[in-house]
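Enquirer: Sequence and predicted structure below; questions after.
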Amino acid sequence: MKPHRRSFLFSAAAAPLTPAHAQIEQAAAGYAHPRKVLLWESTRKEFRDLLENGTLRTVIVPTGSTEQHNEHLAMIHDTASVTLVAQKAALLHYPHVMVATPVSVGISPHWMDRKGTLTLKKETFLAVVFDICESLQTHGVKSILVLNGHGGNVAPLRAAVPDFARKLGIRIETNSYWDAYTPQIVKKYMASGKAPGHAAEFETSFAMAAFPQRIHWEGVDYEKVKPHLKIKDPKSAVQEEEFAREAKLASTAKGEAMIGIAVKWTAERLRQMMAAV
Ligand SMILES: [Zn+2]
């Protein structure tokens, strides 16, 4: 897989960077294509044409996080990974599926003792997801897949999305992209026997295959860092070191295989949704 990379400098020259722009640009470094099927890179004319001639059948709303991913992975990982899976799956249905702007901060209070993590309160997060769905419904979109890439968002989305669908009177469903991974798949590809895990073998493999520029092993030393971390739960501190060790089992080939499986599974999910509308 050879992801095309969007030039950061190109858009920086066009407009001053706000934090929101910067976050999107960060996520953009691993896109499958710099523009195709991405709502926020499309013009209103392009979007309107697809809607009005009935070509656009479903929109994916990716939800991720900006949170600590141990010492070596960039904090945008969950947002970047789910957006990549969403885009690749949408491209398989081109031009019938688009990807809406990712929700790039999720529900991560459990990681707030690691500096850098941003978190939304559950109500705030769900309100943002709902408002994006409502915006799409207002424009005439009748089918939405909320595709998630962060563990802390799973239960709140599952509980709330059926209600979103009822309120808006359209089809809205939710999955995490790792719902694609059966125990057999995890066993076959992950030596640690774990996926998704956290910043361990799976996510590091994903990053190696999709955006290796977001992996930074330089200077990582779990012994030296201990006095700086102040992790409240000792079990969590031990697990973190375990994950860091397991991250060393990662490989580009594993990442490519796992991404391919998630993309195919998501594309099939979209096919079912489009058939049902
Ligand atoms: Zn993650």
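Expert: Now that the structure is in, tell me what you want to look at. Just so it is clear, the model here is predicted, and its values are computed rather than measured.

Enquirer: how many neighbours does the closest residue to the ion within the chain have?
Expert: Taking C-beta to the ion, the ion has its nearest neighbour within the chain at Asp78, 4.2 Å off. Glycine gets a C-beta too; all of them are placed from N, C-alpha and C. Using other C-beta atoms under 10 Å, Asp78 has 31 neighbouring residues.

Enquirer: Format the CA atom coordinates belonging to whichever strand or helix holds it as PDB.
Expert: If you go by DSSP states H and E, Asp78 is part of helix 77-92. Taking C-alpha atoms only, helix 77-92 is exported to PDB below (Å, rounded to 0.1, in the frame of the first residue of the first chain):
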ATOM      1  CA  HIS A  77      -3.500   7.500  15.900                       C
ATOM      2  CA  ASP A  78      -7.100   6.500  16.500                       C
ATOM      3  CA  THR A  79      -8.500   9.400  14.300                       C
ATOM      4  CA  ALA A  80      -6.000   8.800  11.600                       C
ATOM      5  CA  SER A  81      -6.500   5.000  11.500                       C
ATOM      6  CA  VAL A  82     -10.300   5.100  11.400                       C
ATOM      7  CA  THR A  83     -10.300   7.900   8.700                       C
ATOM      8  CA  LEU A  84      -7.900   5.800   6.500                       C
ATOM      9  CA  VAL A  85     -10.200   2.700   6.800                       C
ATOM     10  CA  ALA A  86     -13.200   4.900   6.100                       C
ATOM     11  CA  GLN A  87     -11.700   6.400   3.000                       C
ATOM     12  CA  LYS A  88     -10.400   3.200   1.600                       C
ATOM     13  CA  ALA A  89     -13.800   1.500   2.100                       C
ATOM     14  CA  ALA A  90     -15.600   4.500   0.600                       C
ATOM     15  CA  LEU A  91     -13.300   4.400  -2.400                       C
ATOM     16  CA  LEU A  92     -14.300   0.800  -3.100                       C
END
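
Enquirer: so how far is the following helix or strand past it from its chain's centroid?
Expert: Following helix 77-92 in sequence order, the next helix or strand is strand 97-99 (DSSP H and E). Centroid separation for strand 97-99 versus its chain: 14 Å, with C-alpha atoms, centre = their mean, to the nearest Å.

Enquirer: following strand 97-99, which helix or strand comes up?
Expert: Downstream of strand 97-99, the first helix or strand assigned by DSSP H and E is helix 122-139.

Enquirer: which ones are touching the residue of the chain closest to the ion?
Expert: Gly64, Ser65, Glu67, His69, Gly106, Gly149, His150 (C-beta atoms under 8 Å, 6 or more residues apart in numbering).

Enquirer: Now with 6 Å, please.
Expert: Asp78 is in contact with Gly64, Ser65, Gly149, His150, counting by C-beta atoms under 6 Å, 6 or more residues apart in numbering.

Enquirer: Can you pull the phi and psi angles for the third one?
Expert: Put plainly, it is Gly149. The phi/psi pair for Gly149 (degrees, to the nearest 10) reads phi -130, psi 20.

Enquirer: right, and it touches Ser81 too?
Expert: Yes: in this structure Gly149 lies within contact range of Ser81 using C-beta atoms under 6 Å: 5.2 Å.

Enquirer: Buried ones in stretch 53-70, by neighbour count?
Expert: 56-70 (16 or more other C-beta atoms under 10 Å).

Enquirer: so where do the helices sit in the protein?
Expert: Using DSSP state H, the helices of the chain run over residues 8-14, 19-28, 44-52, 77-92, 122-139, 154-168, 183-189, 201-210, 222-229, 234-247, 252-276.

Enquirer: May I see the ones you listed arranged in JSON lines, with mean pLDDT as well?
Expert: Below are the helices of the chain laid out as JSON lines (pLDDT from 0 to 100):
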{"stretch": "helix 8-14", "mean pLDDT": "39"}
{"stretch": "helix 19-28", "mean pLDDT": "52"}
{"stretch": "helix 44-52", "mean pLDDT": "97"}
{"stretch": "helix 77-92", "mean pLDDT": "97"}
{"stretch": "helix 122-139", "mean pLDDT": "98"}
{"stretch": "helix 154-168", "mean pLDDT": "98"}
{"stretch": "helix 183-189", "mean pLDDT": "97"}
{"stretch": "helix 201-210", "mean pLDDT": "97"}
{"stretch": "helix 222-229", "mean pLDDT": "84"}
{"stretch": "helix 234-247", "mean pLDDT": "90"}
{"stretch": "helix 252-276", "mean pLDDT": "96"}
